[in-house]
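> just coords:
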């Protein structure tokens, strides 16, 4: 195995933390001596040990502490993100690597967090450890799109989701929208929900559809062990939503609810009302969400809400489920933003994934126009 | 190998005739003795030998006439479509099989042509040949969707094609539509052109876009040998199109042109004008196209023309190329038909193929609501 193979393994390990590390990044770590992996680990859950520490522990578990420390001394360590240099919930990882006297550190990218950016590497170098930054850099950045977006834009990573007909409609004129896509597509959309910290809908959608906004997948479907569980995403409503019979499902359960508008500010057990003075408070609101550790949100509709995000270029990912039906011109457009003056000037996305669920298709796009 | 394997081979052989047999069906034939293929053939070109005759010829070429005839006697023959019982351009195939004294015929489906339907099988049975009808029946019908449509609906097989933006737009308000999709998608669309006998556009599209309506692919790209060539599809315009500078490209070249409207009926070298009395002449016109051996058409637009076909439920296949751009609400809808009263009542298609061309996607649907 070569250096990129070990880094690829670190990325694979990192992914295991997908459902539980946010707002932290996913990080995997591989310790290599004489071209053999002697320990590996990943950041498993927010607030728990980081990947480097887990890899050292893993090595100790395999070889016993004494032999492990002997092996790690002079080893190469591969980690997708720069080891931290500051103490947050856990001691800084750079120190752990220095104490272990590793020979060389390969890291995929620097930490975009300005408090760390380069400082972890500097610490290691000072202690005489060789460093290599940038191995599989693009893959390492893609892996942590959420974390990088949080750090660079000071807002949650935003995924827009729409379920539409072949002719791009989201609902009949009557408002009927259950169900355009098939049950497999709808089930799949719960996997997206499971990977975000919050699910956002507009007030109208909340009132008309009375959605639960929960992840309804079994542990098995989520790839979790028996003892594990995930936190349900926070339910977020844009607009002045009042508690009423019509919206009973959002208020059911114990999940946290955040309601934002420029009109009302009440308090309730698990409901936080945020009031904004400005009419256009979206960006301020997004920053407030990140301050509450909501590092990623899924915007599920309706049309007005989706288009507000698109028109303000406030999205990182667009997921479209398209059903093989026609809803006709009297129905509501899924996406309805202002037209460009020329095709060349239109907003262009990057297609990253194409999936099929029976006769429905799912397309996933990244927005790189940021 | 088992019976279905031999039939699958016959289907594979049949496909080799894809670009050249219309309005005939694609047919492949495999002759098997003692579980070994001793001859195979396919219908190569309209007006030329049928598959069964070519398979017998192939056997004779391999073993010499005398040994071949000895081998074919008592053999099993696999063919995707019922052998013909009437003389058209070539002598009926049933007779050839009877003369060769085969033991058993497996055919995938009966010929939907009412002049043959079951008569070929009857002839064989009468001569003491065992018959089995229906092996891989669905695949055999799918293979010849064009031919079955022609026979059952008395009209060409109709493929609708549209190139649209993510928000379902076909052109800007100004009419600008070059180019929504990327060059790979546009190139791919020439492959669809190569498989149809006619390309149809509305008068407005002909005037605004001045399209050539030709297949522009190399022999290599078409999978043709050096000596082979394909006939360019007939150019078909719906509406009262006059020769003018604006539409110079359609009238360039030697391809046949058919123009249909309820207004004008002129004549010209390679241009046929068809005049209809009724305002709604589409079905009559389609029958006239089939009478001219145009067994399949590709409808390329514009919006009005596409929607006329959709609203009249006159299409067998829909191909959508979707580019990862937004053209906005002021732009023209690709598909704009009347809405159903409920989602359950909407027209539903079957998705048969999902392809990707860089960031564009291509989805192919069958219309089974016929």
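It's in. Being a predicted model, the structure only gives us computed values, none of them experimental.
> Give the residue spans of the stretch 101-250 of chain A that score low on pLDDT.
Judged against pLDDT under 70, the stretch 101-250 of chain A has no low-scoring part.
> if we go to 90?
A:113-117, A:175-179, A:208-209, A:225-230, A:240-248 (pLDDT under 90).
> Next to chain B, which bits of it? Give me the list.
With the criterion set to Cβ under 8 Å from any Cβ of the partner chain, the stretch 101-250 of chain A comes near chain B through A:165, A:166, A:167, A:168, A:172, A:173, A:176, A:177, A:178, A:179, A:180. Heads up, the C-betas are built off the backbone N, CA and C, glycines and all.
> Turn those into a markdown table, columns for secondary structure.
Shown next, in a markdown table, are these (DSSP: H, G, I helix; E, B strand; the rest coil):
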| residue | secondary structure |
| --- | --- |
| A:165 | coil |
| A:166 | coil |
| A:167 | coil |
| A:168 | coil |
| A:172 | coil |
| A:173 | coil |
| A:176 | coil |
| A:177 | coil |
| A:178 | coil |
| A:179 | coil |
| A:180 | coil |
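> closest to residue A:59 among the residues you listed?
Nearest to residue A:59, judged by Cβ to Cβ, of these is residue A:179 at 50.5 Å.
> Around the closest one, how many other residues sit close by?
13 (other Cβ atoms under 10 Å in any protein chain shown).
> Any of the residues of the stretch 101-250 of chain A next to chain B buried? List them.
Buried by 16 or more other Cβ atoms under 10 Å in any protein chain shown: A:165, A:166, A:167, A:168, A:172, A:176, A:177, A:180, out of these.
> Pick out the residue of the stretch 151-300 of chain A closest to chain B.
In the stretch 151-300 of chain A, the residue found nearest to chain B is residue A:168; the distance is 3.1 Å by Cβ to the nearest Cβ.
> Next, find the distance separating that residue from residue A:308.
To residue A:308, residue A:168 is 18 Å away according to Cβ to Cβ, to the nearest Å.
> ok, now residue A:296?
For residue A:296, the distance to residue A:308 (Cβ to Cβ) stands at 18 Å.
> who's more crowded, the two?
Comparing residue A:296 with residue A:308 by other Cβ under 10 Å, the one with more neighbours is residue A:296, at 25 against 16.
> Just list the residues touching the more buried one, thanks.
Taking Cβ atoms under 8 Å, 6 or more residues apart in numbering or on different chains, we find residue A:296 in contact with A:22, A:146, A:156, A:157, A:158, A:159, A:195, A:196, A:197, A:198.
> hang on, residue A:188 packs against residue A:357?
Yes: proximity of residue A:188 to residue A:357 meets the contact threshold set by Cβ atoms under 8 Å, at 6.0 Å.
> what touches both of these two?
Residues within reach of residue A:188 and of residue A:357 at once, by Cβ under 8 Å, 6+ apart, are residue A:321.
> Can you get me a residue count around residue A:330?
Neighbour count of residue A:330, defined by other Cβ under 10 Å: 14.
> What segments of the stretch 101-250 of chain A are strands?
According to DSSP state E, counting those that start in this stretch, the stretch 101-250 of chain A carries its strands in the segments A:104-109, A:130-133, A:157-164, A:169-171, A:198-202, A:234-238.
> low-scoring stretches of the stretch 251-370 of chain A, by residue?
Regions of the stretch 251-370 of chain A meeting the criterion pLDDT under 90 cover residues A:252-254, A:261-270, A:278-280, A:301-302, A:334-337, A:369-370.
> Show me what from it comes close to chain B.
Counting by Cβ under 8 Å from any Cβ, the positions of the stretch 251-370 of chain A adjacent to chain B are A:310, A:318, A:320, A:322, A:324-331, A:333-340, A:342-343, A:346-351, A:354, A:356, A:358-361, A:363, A:365.
> let's go with 7 Å and repeat that
With Cβ under 7 Å from any Cβ of the partner chain as the criterion, the stretch 251-370 of chain A meets chain B at residues A:324-331, A:333, A:335-340, A:342-343, A:346-351, A:354, A:356, A:359, A:361, A:363, A:365.
> Going through those, which ones are buried?
A:324-329, A:331, A:333, A:335-337, A:339-340, A:343, A:346-349, A:351, A:359, A:361, A:363, A:365.
> Surely residue A:361 touches residue A:320?
No: in this structure, residue A:361 is not within contact of residue A:320 by Cβ atoms under 7 Å, at 8.2 Å.
> Return the set of residues that bridge with the nearest residue to residue A:121 once chain neighbours are set aside.
Spatial nearest neighbour of residue A:121, excluding adjacent residues (Cβ to Cβ, 6 or more residues apart in numbering or on different chains): residue A:131 at 5.2 Å. With DSSP bridges as the criterion, residue A:131 is bridged to residue A:105.
> need the contact list for residue A:131.
Applying Cβ atoms under 7 Å, 6 or more residues apart in numbering or on different chains, we find residue A:131 in contact with A:105, A:121, A:124, A:125.
> If we use 10 Å, what do you get?
Going by Cβ atoms under 10 Å, 6 or more residues apart in numbering or on different chains, residue A:131 touches A:82, A:83, A:104, A:105, A:106, A:107, A:120, A:121, A:122, A:123, A:124, A:125.
> how close does residue A:153 sit to residue A:21?
Going from residue A:153 to residue A:21 by Cβ to Cβ gives 19 Å.
> Please identify which of the two sits among more neighbours.
Taking neighbours as other Cβ under 10 Å, residue A:153 and residue A:21 compare with residue A:21 leading, 25 against 17.
> No further queries at this time; thank you.
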